[in-house]
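S.K.: Give me the fold of what follows.
(chains A and B)
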There are 2 protein chains.
Amino acid sequence: MEKTKIAIIGLGTVGTGVAKLLLDHGDRTARHAGRIPWLEKVIVRDLEKPRDVEIPTGVLSDNLEDIVNDPEIKVVAQLIGGTEPARTIMLQMLEAGKDVVTANKALLAEHGAELFDRARELDRCIAFEASVAGGIPIVTNIGQCLTGNQITALKGILNGTCNYIITQMQQHGTDYQSALKQAQQLGYAEADPTLDVDGSDTAQKLAILSHLAFGVRVHWQDIPLEGIESLQLRDIQNADRCGYRIKLLAESKLNGNAVEMNIAPTLVRKGNPLAEVEDAFNAIRVRGDAVGPVFFHGQGAGQMPTASAVVADIIDTVVGRTRLTFGNLELWSDAQSPRQLAPADTAVNKYYIRLQVNDDPGVMASLTSIIGRHGVSIASINQQQTQSDDPENTVQLVIMSHATTAGAIKAAADELKNSANIKGSPVVMRIMNS
Amino acid sequence: MEKTKIAIIGLGTVGTGVAKLLLDHGDRTARHAGRIPWLEKVIVRDLEKPRDVEIPTGVLSDNLEDIVNDPEIKVVAQLIGGTEPARTIMLQMLEAGKDVVTANKALLAEHGAELFDRARELDRCIAFEASVAGGIPIVTNIGQCLTGNQITALKGILNGTCNYIITQMQQHGTDYQSALKQAQQLGYAEADPTLDVDGSDTAQKLAILSHLAFGVRVHWQDIPLEGIESLQLRDIQNADRCGYRIKLLAESKLNGNAVEMNIAPTLVRKGNPLAEVEDAFNAIRVRGDAVGPVFFHGQGAGQMPTASAVVADIIDTVVGRTRLTFGNLELWSDAQSPRQLAPADTAVNKYYIRLQVNDDPGVMASLTSIIGRHGVSIASINQQQTQSDDPENTVQLVIMSHATTAGAIKAAADELKNSANIKGSPVVMRIMNS
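M.R.: From the prediction side, this is the model:
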């Protein structure tokens, strides 16, 4: 059987998983590729560092030139994180005539246009299944399996760390800080979890999926974004009582020729498959105009699930499928008339509003009139008894609104915030449209 | 933009949907294919029959030779049901040098080996995404996206008609016959629903998926199979009380070098995504040794979901991906050492057993000793009061067993059946392993 020589750059968690699959299950990858994806080089920074996988003699190297100078290495799995030197190395590999497989969503979200343009110029291709949702093959499903459809909407839980934290809070009544600590102890969250919990990681993934599904040109930092850092247990509990779970939901929806996008803690009705996604799992619901809703659920991170996606990409690239797909992908390409991000204010949703208000006569009338003045119609109000140890004599008001625009709810919240009857800031969250 | 000429054979429900997508959304299919999939011919039996889609002049024909004799027609979507003349026509198309897209699971389950061998001999390819689970792209996910894995198990709800009937029974307390009538009125069930409700349709789909995932050589009729025709409302209700839903579950599981397969009404614990699949939806959970569990949910039938799958196959075939994938598929090929169907008796599961027994002293001891004698260990017993209008003075006994073999449970059930203490036959159902 013929060989195609492969190289891996970076032997971290994912790189190690990929090396294991290629080395320990070579017969499997060969069977599916119709030829042997042969691991020729593994490039690391530190040759002396102990590794979880035994790399054959002569394969491990700290010199990128070993790949560049070997024209027989056709496919490079570039598995280092961050944007630099990842960007420079990817360009170098493309220029050396290699096809590249990557799991680096930050790199694509930041420099996708440049990298994809360069690959097209050089007649090379880039595969990136592992960059979004780890083991769930969502890139291939959108970019290949659902091409008979116009995708009209996608909703997803794309960050396992956040979902783990929220699940802990919801199931065990843990507060945010304790749940985060637990996630760190279990290795679900990094020592610095900022990019996970502030929603940046989710935004980068949503940007890639939305490029793919809608051809929308959006930088991930332009997506309306709220993380989970200020999520409070009491809102999770209020939502639960009303039949909802709170999830860090990423949404993209076609609206005319624009695309509405949003990432925020969102109330999802129990029983909806997205509400039932637990722990560090990811899930995505894609809606196509022909197929209707299709739902995917799986492990969004971790060594072997992500390696599964990388190896599928390696096989696709060795077989030649990546080249065919890449050529026609609506991704960072000027070929199609691009769609734009819709203005954030016009999105229509129902909302959950929690206010901590003074327990005085006339307060309810005053607050509801503020809400009404902004055109927001109230579906239900629940006033909860003041806790006996509350020195400020306030009550909790939970309001569910009828469908309204993000602009109206924001204006109402801003005015509520300035009301003398309210302690602290109003908590406002979307309720997911079904 | 260049054209690739396409033909459709059969303008039934699915064929009409495919024609609509190709004709009404030609810009979409062209964008994804990088060339125009041009609908050149549509072959029907009856030219005069009114159609739900307007076919351009000169395209509709009742003569297959119009395709055979046009070498520019490269891809044929063969969308007629049944095994003949579907088989003969597919062979004719392959021999005329066409690649074939099909949604016909019965044809593949019955004649897959012959058709795939012939396609390989002729250097042609067959795409069949639409043959299993309609809009869910499960064939591509197993055959391409998860190739870094050894699939170890798959479990699925593959027949929308059965799932609709069971959902009606479960949610509305409808009996089987009424639920079936309702399914027929809504068009979910055929006038003759035999192949759906007896599990044959599910078996054909499971055979195809298992060929694909495990390389197992099995004829669908050899899969242990029980349909839903004798499913009783009281068992659905008993299961519900114990925290389960009953589903017509199709299972395939790698066990050493053999594959355990089974299709039967099965208790699935509530909260498991497979338990929550409602109405006519389909779902499949695939477990891979690297990726872990991946869950897919979507519309398993219907005009546009199935057309979505067919059009994706047409685009894949026009682009050239089908050719690359087909060459390396573990499907009806002698290239791999084939796995065999495991003996049915050795599968290990927990079981639900319902007995209608005489309400006499000593009966419980006698029955449980029969069960124990066959090595089946009892996890729980629930005895329900005799209904006041029961002239026979019996009680219902619901037994949940610990894990045991199918052989042991069958032997126990056979002996119970002959016990004078039991009215009617014992009802025995698997409880799904998690």
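
S.K.: Which pLDDT value goes with A:Glu330?
M.R.: Confidence at A:Glu330, expressed as pLDDT, is 66.

S.K.: now the helices for the stretch 1-150 of chain A?
M.R.: A:13-24, A:26-33, A:65-68, A:86-95, A:105-121, A:138-140 (DSSP state H, counting those that start in this stretch).

S.K.: got it, and the stretch 151-300 of chain A?
M.R.: Using DSSP H, counting those that start in this stretch, helices in the stretch 151-300 of chain A cover A:160-172, A:176-185, A:194-197, A:200-214, A:233-241.

S.K.: would CSV of the ones you listed with mean neighbour count and mean pLDDT be doable?
M.R.: C-betas here are computed from N, CA, C, even on glycine. Putting the helices of the stretch 151-300 of chain A into CSV (neighbours: other Cβ atoms under 10 Å in any protein chain shown; pLDDT from 0 to 100) gives the following:
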stretch, mean neighbour count, mean pLDDT
helix A:160-172, 22, 96
helix A:176-185, 17, 94
helix A:194-197, 19, 94
helix A:200-214, 26, 95
helix A:233-241, 17, 96
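
S.K.: May I see those organised as a markdown table, with distance to chain B added?
M.R.: Below are the helices of the stretch 151-300 of chain A laid out as a markdown table (distance: least, Cβ to the nearest Cβ, whole Å):
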| stretch | distance to chain B |
| --- | --- |
| helix A:160-172 | 12 |
| helix A:176-185 | 19 |
| helix A:194-197 | 20 |
| helix A:200-214 | 12 |
| helix A:233-241 | 15 |
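
S.K.: Which among those helices is found nearest to A:Val100?
M.R.: Closest of the helices of the stretch 151-300 of chain A to A:Val100 is helix A:200-214, at 15.3 Å (criterion: Cβ to Cβ).

S.K.: Now the residue in the stretch 251-400 of chain A that chain B sits nearest to: closest residue in space that isn't a chain neighbour?
M.R.: Of all residues in the stretch 251-400 of chain A, the one sitting closest to chain B is A:Val311 (3.2 Å; Cβ to the nearest Cβ). The spatial neighbour of A:Val311 that comes closest, neighbours along the chain excluded (Cβ to Cβ, 6 or more residues apart in numbering or on different chains), is B:Gly148 at 3.2 Å.

S.K.: Counting neighbours, what do you get for that neighbour?
M.R.: B:Gly148: 29 surrounding residues under other Cβ atoms under 10 Å in any protein chain shown.

S.K.: ok, it - contacts?
M.R.: A:21, A:28-29, A:307-312, A:314-315, B:288, B:290-291 (Cβ atoms under 8 Å, 6 or more residues apart in numbering or on different chains).

S.K.: Same check on A:Leu39?
M.R.: A:Ile6, A:Ala7, A:Ile8, A:Ala19, A:Leu22, A:Leu23, A:Pro56, A:Val59.

S.K.: Sort out which one of those residues lies nearest B:Glu84 for me.
M.R.: Scanning the contacts of A:Leu39 for proximity to B:Glu84, where the rule is Cβ to Cβ, the winner is A:Leu22, at 45.5 Å.
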